[in-house]
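> Attaching a predicted model along with its sequence, questions to come.
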Amino acid sequence: MSSTASDIVASPSRQSRVTLRKTLVSCALLTAALLLAIVFMSLIGSEPLPAGASLCALISFGTTTCGLSRDQFDILFQIRLPRILLAAAVGGSLATAGAGYQSLLRNPLAEPYLLGISNGAALGTMIALVFFGASEWMRPLLAFTGALAATLAVYRLARGRAGATPERLILAGVIVTTFLSSVIVFVTTLMDATRIRSFTFWLLGDLSGTSKSLLPVAITIAIAGTLVLTLNARSLNLLMLGERDAFDLGVEVGRVRVVVFLVASLLVGSSVAASGSVGYVGLVVPHLARLSLGSDNRISIPAAALGGALFVIVADTLARTIIAPRELPVGAITALIGAPLFIYLLRRA
Amino acid sequence: MLEARDLNVSYDHRTAVENVTLTLAAGEITAIIGPNGAGKSTLLRTLNGQLRPSSGAILLDGQPLERLNRRSISRRIAVVAQEAELRFPVTVLEFVLGGRFAWATNAGWGWETERDVQVAQAVLQETELSELSARLMNELSGGERQRALMARALATEAPILLLDEPTANLDLSHQATLLALVRARCDQHRASALVVTHDINLAAQFADNILLMKDGKTVHSGSPEEVLKPQILRDVFEVEVLVDAHPVTGGPRVTPIHDTYRRSI
């Protein structure tokens, strides 16, 4: 065979190139939508900002005020933009983690919140707050530990002799969730009364307390986690069809499982430490990604990450504007959208 | 070539396979038959590296199986399981392309090459699934799904095929077609196949060797003529059998005769 012929044979197939193009186009469109959302949602809020001047300031990355007053400039760059960026990181993290869990556990209903993994991370965060209140770094660290412990507990509980059925997994999630909820209530009683209300809000998923120092961490973990899971997408495609089959076809099942558990727990841990348990993002977004782009994880994971970011930005904008000047926790909005979809998926499964 | 020597496998705290020795030679089909719980499927999963033997050796092309990495094993051993788990929608072509995973230079995010697609299309043709290639797997009938599993195994181009009850969901004509495919692989590509089956007559028709197992042990092994004898089968399956010559192939044909049935004639 001549070298040119073998080059052609070894090159990506026409079908692969079509899929790759589909991935790039959909990710480019979602990125554009995400950037637009970041810009426009930062103009919306209880304090109206002049659109032209704000746009000008945003495009200059805050190097010029473009005629915004000091207060307006601070609202834009110190309050809204960090909150929106955190919403993006949280949404991207949760959607990616959801897509990862779904493939690994072979269950379209798997979701960090519903499996109790968010609660594990929440408990970790609370322990950090109660016992290591001064250290901001203990929060994501213990949140990650809590998420990982909850993941392993659910995985163990869900595995019957015949493997994990979808129903068994959800039941295991219910058990872990309720158990951790009661521990959380117990820990809450150890807190002083003035903090309990903000805590309850935070538990439901709340971005109003955006921490500046954790923002870069959350963004970095969201991007790195999405990359790592995307780089395992082909193994995950086979794992979706069964662990035994994946093993037979050459997937190092044990290694991929460890990677997904660690990365997904890290993603959930960092987003819960920053914003509490925002529910259903990991269910709604990967589902929509698969529905519109197919089950191939090479496409659906990056698309879910971008879509998740977009979803939480919009949900949080709703949360902070619909009853302005008061605010709703963003988790209430995502659950309002997610719970009906969950019922629909359950009926179809 | 795949060899097992003095293999012992414990599974769920009991010995499921005891002192089994077998060689899958190029160009040959070996059938494993035996009553339920004889350790047939356990043996098959051990040969693929999924279960670890408690003692004994498995050699793949002369190398101990446990020293080879997963992907290099999967390029040489393909497994056809009984049923695929389908909880996510995938097309038949996507499913069959899964068989090319072990060949990918970039196993993580890489894309199927032109050759991968050519191989997949060729096996889809062999398994008469070409027209269904764009359909979703969960829209197929049980028999079509079984053929897709076969197609995926063939797409690996592995010279060793391990088949676990491959004909369980197939109708009469597709049973024969499927085993004819295995036969063709063995004849044309010098492949070897191990087929776990309950269908003794199908085994008699297609296999070069039969391994008869009971309670984890090899009771008999040899050619169909050597193994399929009334006395042997009666002892293993605890049922009266009639063995006569197949009217077309001339090979052994086994008919069980139940006591109730015999009394009525």
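Noted; the coordinates are in hand.

> Enumerate every residue touching residue 136.
Let's take chain A. A:211, A:213-214 (C-beta atoms under 8 Å, 6 or more residues apart in numbering or on different chains). No exception for glycine: its C-beta is placed from N, CA and C like everyone else's.

> Correction: the question concerned chain B.
B:89-92.

> so which of those also contact chain A?
Restricting those to those adjacent to chain A (criterion: C-beta under 8 Å from any C-beta of the partner chain) gives B:89-90.

> center of chain B, which residue is that?
Nearest to the mean C-alpha position of chain B, counting by C-alpha atoms, centre = their mean, stands residue B:163 at 1.5 Å.

> wait, is that one part of a helix?
No: judged by DSSP: H, G, I helix; E, B strand; the rest coil, residue B:163 forms no part of a helix; its state is strand.

> Any idea what it is bridged to?
Using DSSP bridges, the beta-bridge partners of residue B:163 come out as residue B:80, residue B:195.

> dump the residue contacts of it.
B:79-80, B:153, B:182, B:193-197.

> ok, back up a step: lowest-confidence one in the contacts of residue A:136?
Here the lowest pLDDT out of the contacts of residue A:136 sits on residue A:211, with 72.

> how many neighbours does that one have?
By other C-beta atoms under 10 Å in any protein chain shown, 16 other residues sit near residue A:211.

> wait, isn't it in contact with residue A:274?
Yes: look at residue A:211 against residue A:274 with C-beta atoms under 8 Å: they come within range, at 6.5 Å.

> Any residues of the stretch 151-300 of chain A in contact with chain B? List them.
Residues of the stretch 151-300 of chain A lying close to chain B (C-beta under 8 Å from any C-beta) are A:166, A:230-235, A:237-238, A:240-242, A:244-245, A:247-252, A:290, A:294-296, A:298.

> Residue A:26 is in contact with residue A:303, isn't it?
Yes: if you go by C-beta under 8 Å, residue A:26 and residue A:303 touch, sitting 5.4 Å apart.

> which neighbours do these two share?
Counting by C-beta under 8 Å, 6+ apart, the contacts common to residue A:26 and residue A:303 are residue A:293.

> just to revisit the earlier point, for the contacts of residue B:163, which one is nearest chain A?
Each of the contacts of residue B:163 was checked against chain A using C-beta to the nearest C-beta; the closest is residue B:79, at 4.1 Å.

> now the strands for the stretch 1-150 of chain B?
Secondary structure of the stretch 1-150 of chain B, counting by DSSP state E, counting those that start in this stretch: strands at B:2-11, B:14-24, B:29-33, B:55-60, B:63-64, B:77-80.

> Reformat those strands as TSV; add mean neighbour count.
Formatted as TSV, these follow (neighbours: other C-beta atoms under 10 Å in any protein chain shown):
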stretch	mean neighbour count
strand B:2-11	18
strand B:14-24	18
strand B:29-33	26
strand B:55-60	16
strand B:63-64	11
strand B:77-80	26
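
> quick revisit: neighbour-wise, which of the contacts of residue B:136 leads?
Result: residue B:92 is most packed of these (other C-beta under 10 Å), 27 neighbours.

> Look at residue A:319 and say how many residues are nearby.
For residue A:319, using other C-beta under 10 Å, the count is 23.

> The residue in the stretch 101-250 of chain A that chain B sits nearest to: what secondary structure?
The nearest approach of the stretch 101-250 of chain A to chain B comes at residue A:250, 3.2 Å away (C-beta to the nearest C-beta). Classification of residue A:250 by three-state DSSP places it in coil.

> and it, what pLDDT?
On the pLDDT scale, residue A:250 is placed at 93.

> Just to check, it is in contact with residue B:99?
No: Residue A:250 is not in contact with residue B:99 according to C-beta under 8 Å; the separation is 9.5 Å.
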